[in-house]
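**Student:** Quick one, fold the following:
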Amino acid sequence: MLISVNELINQAKQQINEIRCEQLASTLSNDIMLIDVRESTEIQNDMLPYAVNIPRGVLEMKISSHPQICGAENTLQALSQHDIYLYCRSGARSALASQALMKMGLQRVYSMKGGSDAWKLFVKKGD
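**Tutor:** Residues are numbered from 1 along each chain as shown. Down below sits the predicted model:
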C-alpha cells in the first residue's frame with residue numbers, strides 16, 4: 001500500500017502528544033528537554049529559548065548526547081525520566097520524530113503543533 005507524506009504525518013499525529021505554543025511557553029526553562037529537529041542550516045537565529053539542535057535525521061542516534069543526560073550510565077533510562085519537547089518549522093518533522101522516540105519506549109514526548117512558524121505568531125501576539 002502506498003502512502004503519501006501527508007498521510008504519514010497525519011497518522012503520526014494521531015499517535016503522539018501534540019502541545020500548543022501556549023503550553024510549551026508555560027514550561028520553558030533550562031530544566032526541560034527542548035529539541036529543535038530542523039537541520040542546522042534552517043535555524044538562522046530563531047531557536048526557542050533553552051533548545052538544543054538535534055536534526056531529525058540523526059535524532060535517534062544523537063539524543064543520548066543531549067546535555068541533560070550526557071554522561072548518564074543508562075541514557076535511555078535517563079531520557080525516560082524527562083519530558084521531551086520537539087519542534088521543527090511546521091510541526092511535521094517533530095511529529096514524525098515524536099513517533100520515533102515513542103517507538104523507542106519513551107512516553108513523555110511532545111511535539112509542538114505548528115512548529116517555529118506557530119511560535120513566531122504566538123510571540124508576536126504577546127508583543
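**Student:** And for I54, the neighbour number?
**Tutor:** Residues within reach of I54, counting by other Cβ atoms under 10 Å, total 21. Quick note: C-beta positions are derived from backbone N, CA and C, even for glycine.
**Student:** residues contacting it?
**Tutor:** Contact partners of I54, counting by Cβ atoms under 8 Å, 6 or more residues apart in numbering, are 35-37, 62-63, 65-66.
**Student:** Filter those residues down to the buried ones.
**Tutor:** Buried members of the contacts of I54, counted by 16 or more other Cβ atoms under 10 Å: 35-37, 63, 66.
**Student:** Please, where are all the helices along the chain?
**Tutor:** Here the chain has its helices, by DSSP state H, at 5-15, 21-25, 40-43, 59-62, 75-80, 92-103, 115-126.
**Student:** What are the buried residues along the fifth one?
**Tutor:** Burial within helix 75-80, assessed by neighbour count using 16+ other Cβ under 10 Å, is assigned to 78-79.
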